[in-house]
Each structure stands twice: as C-alpha cells, then as structure tokens.
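In: below are the sequence and a predicted model; questions follow.
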Amino acid sequence: MVNICKNSLLSFLLLITLQAQSSSKFSDREKQHILSDKEGNRKESPMRILQTTNRSDSLMLRKECLDIDISDPLLKTLIARMSVTMLQNGGVGIAAPQIGILRNVFIFVRVDKMLELAQREQERQKEYAQFKEKIKQEIEKEEISAKEKRSLKKKLRIQEKRERAEYKKFGKKIQTEIIEVAINPKIVAHSDSVVCFLGDGCLSIPDVQGNSLRYAWIDVEYYNRHGAKVREQLSGYDRNGDFTAVIFQHEYDHIQGVLFIDKLCVE
Ligand SMILES: [Zn+2]
C-alpha cells in the first residue's frame, strides 16, 4: 500500500514536471529571435519565412514543436509578427515553426466567420440603401411640409452617422475575429471520412501546389489570443467557399513537422 502511494506520488510529481516542461516560457534564443528586427526596430515587422529549398530551414520545418506557457508576455509580439508576415505574403495561415520558433502556435484565417460577417455586412448595407431611398422619396413628395422635410433630413443624417460607425466596427472585426490565434492546439476528434482538398499550398514551399488528404471536420481545442480556452468544431473543405477546417489541419501539421506534400492525393 505504502509502495503504491509512493509510486502514485512519484507519478504525480513526474506528471507535474513533464507538464511544466512541456509548456515552458520562451528561451533566451527564442526571445532574441522574436525581438530581432533587421528592418529598423519595429517590433511588429514581418519575419523571414523558412523555405524547404534551404537545407537548414527544411530540417527545422521537420521538427516537432513544444507547448508554450500561455502567460508568456512575448506571445503577443510573436502573434503580431506572424500576422504581418502572413498578410504580407498573402497566406491564410502560418505556424510558428515557419518563422523559426518551434512552439505550438499558429494563426489561421476564419473563412467561416469571414463569409458570415461579409453576408451580414451586405444585408446591413442593403437595408440602409432601402431606408435611404425611402426617405428620399418621402422628401420629394409635394404634400410634405418644410418642417417634415427637415425632420426627415435629420433622420437621414443620424442614420448616415450610425452607418459609418457600423462600417468601422466591421473593419475592426475583420482584423480581430478573422485572424484566429491557436495556442497549444489539439485535434481531439475528427470525421471518419476524408476528402481530397484541391489546390493546397504553403508559404514555406515555393512554387508548389497540390491536393491534400484532409478530414471533412475536426473537433479542436486551443487557447486564443486572449488566453481563453476554445473548444469547437471546424468544417469546410471547399476552396471556393469555406475551407477553415483544412487551414487548421495544414497549420496543425506544421507544428508536428508535417507538410502538405506528405499528404498528397489524387482528385
Ligand atoms: Zn504551410
């Protein structure tokens, strides 16, 4: 009994140690790299993307990554630099190892939310256009008094102001909600069926496109940019529509040292 307790205690301590090791803060080398900036000291400038055509880059891209302590203050800078790097290169996702940081962090574009947001914005703009047209028609009516016209014009000005504010909000949402951050992510379940996703590509593999084998949907867990734990199901594998689940799987592979060229399939 005593031995069992001792063993349990040892296992417990070992587990705690392993957990502590597996989610450590950035090392001094990593800190230096995240804060490095050859283009003039702006902390959020883009970083060089590792390429498979370079031997040492290629070896690094094949390494498995470690979890990061989500309270590390440099995560914010890393995420900001990854975002500008991705946007500057026209990507829809990028993983930390692609810029030389072997940590379980990636960002991905929420195509699902983008479609939703764009549709809502389109509907709002349509409603506004209809409202504007209706008021204009009212104003033009001969039987409308000058006082009523002034009141209608005021109504229109108020709505125009609201409209500008809503449009600003839409722009902000695009920046903060469309680029999702996944810290220490996991795929906890997935569909039995797989699909052959058409036209995969990677910022680390120049001039290569191919079809990759992907799960149709995945259940995922990760910490977002605010440090909140997220559990959700992602789906979508249509290049011309929603393909959020594919982007997540592509980036998740990167942190395991796997590239899309390892998963090629025939249409
Ligand atoms: Zn990639």
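Out: Alright, I've got the coordinates. Residues are numbered from 1 along each chain as shown.
In: all strands of the stretch 151-267 of the chain, in order?
Out: Along the stretch 151-267 of the chain, counting by DSSP state E, counting those that start in this stretch, strands occupy 179-190, 194-202, 205-215, 217-223, 229-235.
In: distance of the closest residue to residue 231 other than its chain neighbours from residue 178?
Out: Closest residue in space to residue 231, ignoring its immediate chain neighbours: residue 221 at 5.0 Å, by CB to CB, 6 or more residues apart in numbering. In short, each C-beta sits where N, CA and C put it, glycine included. Distance, residue 221 to residue 178, using CB to CB, to the nearest Å: 20 Å.
In: before we move on, what about residue 100?
Out: From residue 100 to residue 178 the distance is 25 Å (CB to CB).
In: please apply the same query to residue 189.
Out: Applying CB to CB to residue 189 and residue 178 gives a distance of 25 Å.
In: these two: who's more crowded?
Out: residue 178 (16 against 12; other CB atoms under 10 Å).
In: hang on, isn't that one packed against residue 112?
Out: No: contact between residue 178 and residue 112 fails when scored by CB atoms under 8 Å: they sit 9.8 Å apart.
In: list the contacts of the residue nearest to residue 231.
Out: For residue 221, the contact set (CB atoms under 8 Å, 6 or more residues apart in numbering) comprises 185-186, 188, 229-231.
In: could those residues be laid out in CSV, adding distance to residue 46 and neighbour count?
Out: As requested, these are exported to CSV (distance: CB to CB, whole Å; neighbours: other CB atoms under 10 Å):
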residue, distance to residue 46, neighbour count
185, 23, 22
186, 28, 15
188, 32, 10
229, 29, 11
230, 26, 15
231, 31, 10
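In: how does this structure divide up, domain by domain?
Out: Following automatic domain parsing, one gets these domains for the chain: 27-34+44-110+179-262, 113-176.
In: could you point out the longest helix of this structure?
Out: helix 146-177 (DSSP state H).
In: which stretches of the stretch 1-150 of the chain form helices?
Out: Secondary structure of the stretch 1-150 of the chain by DSSP state H, counting those that start in this stretch: the helices cover 2-22, 28-35, 55-61, 75-88, 111-140, 146-177.
In: rank the ones you listed by mean pLDDT and give me the bottom one.
Out: Lowest mean pLDDT within these: helix 2-22, a mean of 52.
In: before we move on, back to that, most packed of the domains of the chain?
Out: Greatest average neighbour count among the domains of the chain goes to domain 27-34+44-110+179-262 (a mean of 18), per mean count of other CB atoms under 10 Å.
In: got the end-to-end distance for it?
Out: 30 Å (CA to CA, to the nearest Å).
In: ok, stretch 141-151 next?
Out: Chord length of stretch 141-151, first to last residue, is 14 Å (CA to CA).
In: same check on stretch 36-54?
Out: The first and final residues of stretch 36-54 sit 21 Å from each other (CA to CA).
In: now swap in stretch 252-267 and tell me
Out: With CA to CA as the measure, stretch 252-267 spans 23 Å from end to end.
In: so what touches it?
Out: 52, 61-65, 95-98, 103-106, 182, 185, 187, 196, 198, 200-202, 204-205, 208, 210-214, 250.
In: now stretch 46-65
Out: With CB under 8 Å, 6+ apart, stretch 46-65 has contacts from 81-82, 84-85, 88-89, 94-100, 102-105, 203-206, 254-257, 259.
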